[in-house]
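Peer 1: Sequence first, then the predicted structure, then my questions.
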Amino acid sequence: MKILYSCLSKSWGGMEMFTLTAVKQLLKRNISVELLCIAESRIHIEANNIGIIIHPVKLSGVLHPYSILRTASIIRRSRFDLIHTQASKDLWLLVPALKILRSKIPLIMTKQVGSFIIKKDIFHKWIYHRLNYALAISNVIKKNLLETCPLTENKILLLHNGVDTEKFNPLRKDLKNIRLEFGIGQNEIIIGMLARFSPGKGHEEFLYAAKGLNKNFSNLKFMVVGEASRGENDYAESIKKLSADLSLPNIIFTGYRTDTADVLNAMDIFVFPSHNEAFGISLAEAMSMGKPSVCADADGVLDIAVEGGTSFLFKNKNSADLSEKIEKLIVSTDERRRLGEAARKRAIEKFDLEKLTTKVIEIYESTQRSEK
């Protein structure tokens, strides 16, 4: 089987990272995969670094006649069995290219991010009619697809993003190195979040919660892992300024880290305060590392976390409630252990990358059979 993957994004976040993860998983299964991406984007650079066959295109403005023709040429020349895109906007390049070729190659889209734009006009109907399936990464995204896109329910399949539960395995990682790197004592409790610096990720609530918790505890360290994506540097600086304004001497901004599993393993409590996350891959990773978590009670989080089972849920955007829920875990090592063990078990059962890769291959194969 030969697959063309597409992710025409200039940013670098969960969607782009998971695209490369998915491609690598398919390559491990001896499925030939090539990647269509924007020239000189971060995903182009990262894909090139790991040796993926890349087809870079240049996009500017709304219409892309040259890139459509180039994409059609790539598809015709490479003879792909199936095309899978990780972004709905890619359809405006892929569908015209397929129409030019009069090709019946199956086309699948994974919907990673919700939209508030209604796309049921004649042009979107023309685009979406060409889709064989849309894969929704959570129930909130499935609902969003039905509400905003010209798709019937039989064309939408629920398929969560996956986590490498062997890579994110607490038994294989050393938490001592991270504590030594940042000068954190063994008796200090690390409370951390992992997200790119982007509005809506909940950094403000995390910092305000830290301010409140510092009044009651003297043995805490707060860790913010992540970097600003394209165009988000001003927001990142505003968060660091807020930290200074709140006088938080015990907060650590680690920047971007490649050793995510080690950093997560060093944490005692993981916080996921995102306002409206479609899924939350870092939460699933933290759960795979056996970490108890405190999460906003919103959207895709509800597909991952179980209130009182793997996590405590706090009222979305409410820093006081976040602080209260974190405190429940600070004061009880037994609760941290109980939730952490259940989190690891749930991650293996529901979000294991190998299991989900098998499911997506089954979708590919059944789609191909139905087109013959």
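Peer 2: Ah, there it is. Values in this document were obtained by computation on a predicted structure and should not be read as measured data.
Peer 1: surely residue 18 meets residue 161?
Peer 2: Yes: between residue 18 and residue 161 there is a contact at 5.4 Å, judged by C-beta atoms under 8 Å. (C-beta placed from N, C-alpha, C; glycine too.)
Peer 1: what residues are shared contacts of the two?
Peer 2: Overlap of the contact sets of residue 18 and residue 161 (by C-beta atoms under 8 Å, 6 or more residues apart in numbering) consists of 112, 281.
Peer 1: by contact count, what packs against the one helix or strand residue 6 maps to?
Peer 2: Following DSSP states H and E, one finds residue 6 within strand 2-7. When contacts are defined as 3 or more C-beta pairs under 8 Å, 6 or more residues apart in numbering; DSSP states H and E, strand 2-7 packs onto helix 14-28, strand 32-38, helix 65-78, strand 82-85.
Peer 1: Please produce CSV containing the ones you listed, extended by mean neighbour count and distance to residue 46.
Peer 2: Formatted as CSV, those follow (neighbours: other C-beta atoms under 10 Å; distance: least, C-beta to C-beta, whole Å):
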stretch, mean neighbour count, distance to residue 46
helix 14-28, 19, 6
strand 32-38, 20, 10
helix 65-78, 16, 20
strand 82-85, 24, 18
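Peer 1: For the worst-scoring helix or strand of the chain on mean pLDDT, name the packing helices and strands.
Peer 2: Using mean pLDDT, DSSP states H and E, helix 175-181 stands out as the lowest-scoring helix or strand of the chain, at a mean of 86. Helix 175-181 is packed against helix 260-266, with contacts defined by 3+ C-beta pairs under 8 Å, 6+ apart.
Peer 1: average pLDDT across the helix it packs on?
Peer 2: If you average the pLDDT over helix 260-266, you get 94.
Peer 1: for stretch 340-349, same thing?
Peer 2: 98.
Peer 1: Tabulate the CA atom coordinates of it in PDB.
Peer 2: Provided in PDB are the C-alpha atoms of stretch 340-349 (Å, rounded to 0.1, in the frame of the first residue of the first chain):
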ATOM      1  CA  GLY A 340      -1.800   7.600  38.300                       C
ATOM      2  CA  GLU A 341      -2.200   3.800  38.200                       C
ATOM      3  CA  ALA A 342      -5.600   4.100  36.700                       C
ATOM      4  CA  ALA A 343      -4.400   6.700  34.200                       C
ATOM      5  CA  ARG A 344      -1.700   4.400  32.900                       C
ATOM      6  CA  LYS A 345      -4.100   1.500  32.500                       C
ATOM      7  CA  ARG A 346      -6.600   3.700  30.600                       C
ATOM      8  CA  ALA A 347      -3.900   5.000  28.300                       C
ATOM      9  CA  ILE A 348      -2.900   1.400  27.300                       C
ATOM     10  CA  GLU A 349      -6.500   0.300  26.800                       C
END
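Peer 1: still on that earlier bit, which other residues reach the helix or strand just after the least confident helix or strand of the chain?
Peer 2: Scanning forward in sequence from helix 175-181 by DSSP H and E, the next helix or strand is strand 189-194. The contact list for strand 189-194, computed with C-beta under 8 Å, 6+ apart, reads 179, 184, 202-203, 206, 210, 213, 217, 219-226, 260, 263-264, 266-273, 282, 285-286, 326, 330.
Peer 1: Kind regards, and thank you for your time.
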